[in-house]
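K.L.:
can't give you the sequence, but here's the structure:
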């Protein structure tokens with residue numbers, strides 16, 4: 001079987017520190033896979049290797065069966081791997097529509113800053129509005145990003161990621177910093193994403209993991225502790241011990 005995303009025996013050393021230790025990971029088309037683990041588990045370093053920001057010491061990364069281990073992040077994006085970030089990186093002095101339009105037009109190779117052109121491409125505007133509707137922000141399309149709640153800004157980031165036509169979407173702590181009252185909308189948007197899209201969700205919030213993921217990988221000290229279906233992982237005594245010293249695995253923000 002050809003996987004959308006595959007990591008084979010990834011290792012990463014920073015000096016003598018073994019941060020990624022023989023990690024294997026596979027995402028099939030349409031996967032809903034969560035990567036969880038306590039702080040310091042090595043999740044960020046692993047995701048950096050998957051996205052191309054960090055070069056592994058050894059091991060390989062494949063996208064659609066193609067070895068991309070030495071490809072730069074931008075080239076991996078062109079093969080269909082797109083990552084959102086846990087820290088917001090939006091143009092807050094621009095509108096929601098302008099932010100998403102910029103991503104759409106860049107993806108269509110219209111130039112670095114299409115807003116300096118005489119006019120805008122209607123096809124790109126239509127595509128941007130379609131993405132804004134997908135993330136349930138149509139009523140806010142003409143508002144400045146700075147006027148929106150933080151949870152709504154995270155939805156804009158998802159729309160921008162979708163503008164790059166991903167086959168694999170890495171959602172890096174999408175719930176980070178979002179108040180409880182805004183979380184349900186984010187969950188619904190993620191649940192409604194194209195079922196053919198492979199998702200890897202790096203998350204601490206167990207409510208989000210339970211609602212969205214079908215499979216889970218638990219990373220501890222750079223090593224895969226357990227990997228498998230959500231129900232099996234969450235009922236694992238090892239996982240309970242790692243998270244709560246033997247108690248039930250619950251939503252947390254550690």
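P.N.:
Structure received. Just so you know, these numbers come straight off a predicted model, no measurement behind them. Residues are numbered from 1 along each chain as shown.

K.L.:
pull up the pairing partners for the helix or strand containing residue 34, direction included.
P.N.:
Here residue 34 sits within strand 32-36, counting by DSSP states H and E. Strand pairing for strand 32-36, determined by DSSP bridges: strand 198-202 (parallel), strand 215-220 (parallel).

K.L.:
show me the contact partners of it.
P.N.:
Around strand 32-36, the neighbours that count as contacts under Cβ atoms under 8 Å, 6 or more residues apart in numbering are 25, 27, 43, 46-47, 198-204, 206, 209, 212-219, 230. (Glycine included, C-beta is placed from N, CA and C.)

K.L.:
out of the strands paired with strand 32-36, flag the one nearest residue 239.
P.N.:
Distance to residue 239, taken as Cβ to Cβ, is lowest for strand 215-220 among the strands paired with strand 32-36, at 5.6 Å.

K.L.:
touching the helix or strand that that closest one is followed by from outside, list them.
P.N.:
Per DSSP H and E, the first helix or strand lying C-terminal to strand 215-220 is strand 223-229. Strand 223-229 is touched from outside by 21-25, 37, 214-219, 232-233, 236, 238-239, 242, with contacts defined as Cβ under 8 Å, 6+ apart.

K.L.:
circling back: just the buried ones from the contacts of strand 32-36?
P.N.:
Neighbour counting over the contacts of strand 32-36 (16 or more other Cβ atoms under 10 Å) leaves 25, 27, 43, 46-47, 198-204, 206, 209, 212-213, 215-219, 230 as the buried ones.

K.L.:
the helices in the stretch 151-254 of the chain, which residues?
P.N.:
Remark: helices of the stretch 151-254 of the chain, listed N- to C-terminal, are 180-191, 206-212, 230-234, 237-244; assignment by DSSP state H, counting those that start in this stretch.

K.L.:
helices or strands up against the first one?
P.N.:
Think helix 180-191. For helix 180-191, the helices and strands in contact under the criterion 3 or more Cβ pairs under 8 Å, 6 or more residues apart in numbering; DSSP states H and E are helix 150-163, helix 206-212.

K.L.:
how is the chain divided into domains?
P.N.:
The chain breaks down by automatic domain parsing into domains covering 89-166, 211-254.
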